[in-house]
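>>> Would you be able to build a 3D model of this:
(2 chains)
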Amino acid sequence: MINSLVSIAFDGLAFAMVLFIISVGLSVTMGLMGFVNLAHGMFAMLGGYIAVSFIREFGVPFLLGAPLGCVAVALISVVLERTLYRRLYGGDELQQVLLTIGLVFMGIAVCTFLWGPLNVQLDVPSYLKGQVDLGFRRFPTYRTFIILVSFAVIIGLWYGFERTLLGAKVRAAVDNQRMAETVGINIRRLFTLTFALGSALAALGGALGTEILGLTPTYALEYLVYFLIVVAVGGLGSLRGAFAASLILGVVDTAGKYYLPAFGAFFIFAVTIILLLWRPQGFYAR
Amino acid sequence: MEQPAYQNPLRTGAIRPAELLPWLAAGSGFFLFPDYLQLGAQILIMVLFAMSLDMILGYAGIVSLGHAALFGTGAYTAGILSAHVGWSEPLSGLVIAGLVAGVVGFVCGAVILYTRGLTLLMLTLAVTILLQELANEQEHWTGGDDGLQGVVMEPLFGVFEFDLYGQTAYLYALAVLFVMFLAARAIVNSSFGQSLRGIRENERRMHAIGCPVYRQMLRAYTIAAVMAGVAGALLAQTTEFVALDVLSFERSGDVMIMLILGGTGRLYGAFIGAPLYMILQDQLAKLSPEYWLFGIGALLVATILYAPEGMLGLTERLRAWATREDS
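Numbering: from 1, shown residues only, chains lettered A, B, ... in the order given. The predicted model follows:
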């Protein structure tokens, strides 16, 4: 009993951390530009695929593959932002939804063409396989690694957001865009930058999380709903909100699938509806 | 360079000759493509479904990613009526399914229409997936993943049997679509329809001039729910089968794409978008599913960038441009 509870808490935490890393970029860009980017899940998926390819095809070491995936995805996302997204800023959200869904469809087709429709596995190096003894219990090494990396990312994000000039600019722009522009912040450039960073984080989450989420071309749609829930429940543009929402979602989903597998994803959607009705603007609305 | 005044033909009640075109096409389709009547019936059903989405999306401006919830409710109601209750008379089954979907739509709408934007989008999405998980779990009633078997339809009016070629199915779907269209046309041309357009264009202002915004939106949502339920029931009755995908997120997405391709806020957008989408799908998916997915994605991106008002909007723009050249 205790054992399974600890397992659920641990797996839930690992899942939650992956969710957070992927979703946080979406939350910030949506808070900043109000752009509904449904292609965010595709960026995470691409991060996974590109990392896997670097590791397999070019023999890049594991710890270098994921960052390479991040860089590649950041570049792709900036190109898309400059050529397509930019044209719909300030437009209505329906058009943004449809444009990005169109991109997702094309992305799924391309990924199926390049990597096939079946699940692609990330080859974990031997030092991350097996289990690690944390004193009171043994845990899977790779998931422990995910959690540790995520903590490092969270600390980095917190520092960047709260303690640097760039972070201050982003916070100012999320809170009041017009005012931020008035005091001389270049919103467009700021957005391109945060967009690239957010996509890179999504790619990192995608690469790290393949062990938990799997990696098939439909990933981009399948998990998109989870990322959107994190953003909506947490509140647009809020780091704390995204973190809290990820934790709730990760643990509830893991527990639900463990105890009542027949219901599938029923519980997280029930919880989502309740949370959204309770706080329509999310936990930490700005 | 004065733009010719844009006039929405639907705003006046009179029927224009061009409005007969889709009906002539649908009618002649029955004689021209006797081998494709099953597909034809499904196209007509999706036209009805897309038209119901147009009521809330195109007229009231409610962006819903969960319209399949109502379609699926109608489909399962009609299917379960026949397979488990033994009620296999099609017309009454259609009415009951529409009413059940209307009640579900009213209850859902009453809750979600308090929200806007991303929250509304997520709530509609969550409700759909919730219903799908529920249908998946209640295997006894819905057949779960295998789909609902054992739906058998009595002959229409006790005379016309549902045949293998889909002749009855096609004409049945066409007749229901026509009745629903007349109702929808009357609704959007009424003062109620006018107030919905007002809400779409400027909600705050409608509030300010004393329009009961929430009530009007809920009314539109419920009407659209009935229409979507009828569409779902038609699918269940004509195919005598209900699969879980009637409640899927993909179906919500598909119907929205069909409507966007055709053009929103025009009722006739559905008549262009649904056939275009489904015929392309039928042809391209034969070659390879990836071609289809890439093609529809590219078409969607191109539509948003170059013809944001859909095919109908594009033809209107072209016509305006052509007449300007003449003068």
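
>>> Tell me where the stretch 101-250 of chain A has helices.
A:141-163, A:165-175, A:177-182, A:187-208, A:210-213, A:219-222, A:224-234, A:239-259 (DSSP state H, counting those that start in this stretch).

>>> any residues touching the longest one, and which ones?
Under the criterion C-beta atoms under 8 Å, 6 or more residues apart in numbering or on different chains, residues A:10-11, A:13-14, A:17-18, A:20-21, A:24, A:124, A:127-132, A:134, A:166-167, A:170-171, A:201, A:204, A:208-209, A:211-212, A:239, A:243 lie in contact with helix A:141-163. Where you see a C-beta, it was placed from the backbone N, CA and C, and this is true even at glycine.

>>> Residue numbers of the stretch 101-250 of chain B in contact with chain A?
B:111, B:114-115, B:117-119, B:121-123, B:125-127, B:129-130, B:133-134, B:136-137, B:249-250 (C-beta under 8 Å from any C-beta of the partner chain).

>>> Sort out for me which of those residues are in helices.
With DSSP state H as the criterion, helices contain B:111, B:117-119, B:121-123, B:125-127, B:129-130, B:133-134, B:136-137, B:249-250 from among these.

>>> on that earlier part again, ok, of the residues of the stretch 101-250 of chain B next to chain A, which come out buried?
Among those, those scoring as buried are B:115, B:118-119, B:121-123, B:125-127, B:129-130, B:133-134, B:136-137, B:249 (criterion: 16 or more other C-beta atoms under 10 Å in any protein chain shown).

>>> circling back: spell out for me the PyMOL command that would select the buried members of the contacts of helix A:141-163.
In PyMOL, a selection of the buried entries from the contacts of helix A:141-163 looks like this (16+ other C-beta under 10 Å):
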select buried, chain A and resi 10+11+13+14+17+18+20+21+24+124+128+167+170+171+201+204+208+209+211+212+239+243
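
>>> shaky segments in the stretch 201-327 of chain B?
Counting by pLDDT under 70, the stretch 201-327 of chain B shows low-confidence ranges at B:325-327.

>>> got the phi/psi numbers for the closest residue to residue B:115 other than its chain neighbours?
In space, and not counting its chain neighbours, residue B:115 is closest to residue A:280: 4.8 Å by C-beta to C-beta, 6 or more residues apart in numbering or on different chains. Recorded main-chain torsions at residue A:280 are phi -60, psi -30, according to degrees, to the nearest 10.

>>> And for residue A:280, the neighbour number?
The number of residues packed around residue A:280, counting by other C-beta atoms under 10 Å in any protein chain shown, is 19.

>>> same check, this time on residue B:280
Residue B:280: 15 neighbours (other C-beta under 10 Å).

>>> And the contacts of stretch A:75-89?
A:33, A:35, A:37, A:39, A:43, A:46, A:95-96, A:99, A:103, A:188, A:191-192, A:195-196, A:199-200, B:301, B:304-305.

>>> average pLDDT for it?
The predicted model gives stretch A:75-89 an average pLDDT of 92.

>>> Now the one residue sitting closest to the centre of chain B: closest residue in space, sequence neighbours ignored.
Centroid check for chain B by C-alpha atoms, centre = their mean gives residue B:49 as the closest residue, at 1.7 Å. Spatial nearest neighbour of residue B:49, excluding adjacent residues (C-beta to C-beta, 6+ apart): residue B:231 at 4.1 Å.

>>> May I have the residues that are in contact with that neighbour?
B:45-46, B:48-49, B:52, B:71, B:74.

>>> out of those, what pair is the most spread apart?
Greatest spatial distance in these: B:46 and B:74, 13.4 Å, computed using C-beta to C-beta.

>>> Wait, residue A:36 touches residue A:92, no?
No. With contacts counted by C-beta atoms under 8 Å, residue A:36 stays clear of residue A:92, the gap being 9.8 Å.

>>> Not counting sequence-adjacent ones, nearest residue to residue A:108?
Once flanking residues are discounted, residue A:108 sits nearest to residue A:217: 4.7 Å by C-beta to C-beta, 6+ apart.

>>> and the next element down the chain from the helix or strand that contains residue B:187?
Using DSSP states H and E, the element containing residue B:187 is helix B:167-189. Downstream of helix B:167-189, the next assigned helix or strand under DSSP H and E is helix B:191-201.

>>> Which residues does that next one contact?
The contact list for helix B:191-201 (C-beta under 8 Å, 6+ apart) reads B:59-61, B:187-188, B:205-206, B:211, B:213, B:216-217, B:219-220, B:265.

>>> now do 7 Å
Contacting residues not belonging to helix B:191-201 are listed as B:59-61, B:187, B:206, B:211, B:213, B:216-217, B:220 [C-beta atoms under 7 Å, 6 or more residues apart in numbering or on different chains].

>>> Same question for stretch B:175-188.
B:10, B:44, B:47-48, B:51, B:55, B:59, B:94, B:193, B:223, B:227, B:230, B:234, B:267.

>>> In contact with residue A:269, which residues?
By C-beta under 7 Å, 6+ apart, the neighbours of residue A:269 are B:126, B:129-130, B:133.

>>> tell me which element it falls in.
Per DSSP H and E: helix A:266-278 holds residue A:269.

>>> quick one, that helix and helix B:117-137 angle?
In terms of direction (axes from the mean of the first three to the mean of the last three C-alpha atoms, to 10 degrees), helix A:266-278 departs from helix B:117-137 by 150 degrees.

>>> what angle separates helix A:266-278 from helix A:224-234?
Interaxial angle, helix A:266-278 versus helix A:224-234 (the same axes, to 10 degrees): 30 degrees.

>>> List the buried residues of helix A:266-278.
A:266-273, A:275-276.

>>> I'd like the contacts of helix B:191-201 as JSON lines, with secondary structure and neighbour count appended.
Output for the contacts of helix B:191-201, formatted as JSON lines (DSSP: H, G, I helix; E, B strand; the rest coil; neighbours: other C-beta atoms under 10 Å in any protein chain shown):
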{"residue": "B:59", "secondary structure": "helix", "neighbour count": "25"}
{"residue": "B:60", "secondary structure": "coil", "neighbour count": "27"}
{"residue": "B:61", "secondary structure": "coil", "neighbour count": "22"}
{"residue": "B:187", "secondary structure": "helix", "neighbour count": "19"}
{"residue": "B:206", "secondary structure": "helix", "neighbour count": "19"}
{"residue": "B:211", "secondary structure": "coil", "neighbour count": "16"}
{"residue": "B:213", "secondary structure": "helix", "neighbour count": "18"}
{"residue": "B:216", "secondary structure": "helix", "neighbour count": "19"}
{"residue": "B:217", "secondary structure": "helix", "neighbour count": "21"}
{"residue": "B:220", "secondary structure": "helix", "neighbour count": "25"}
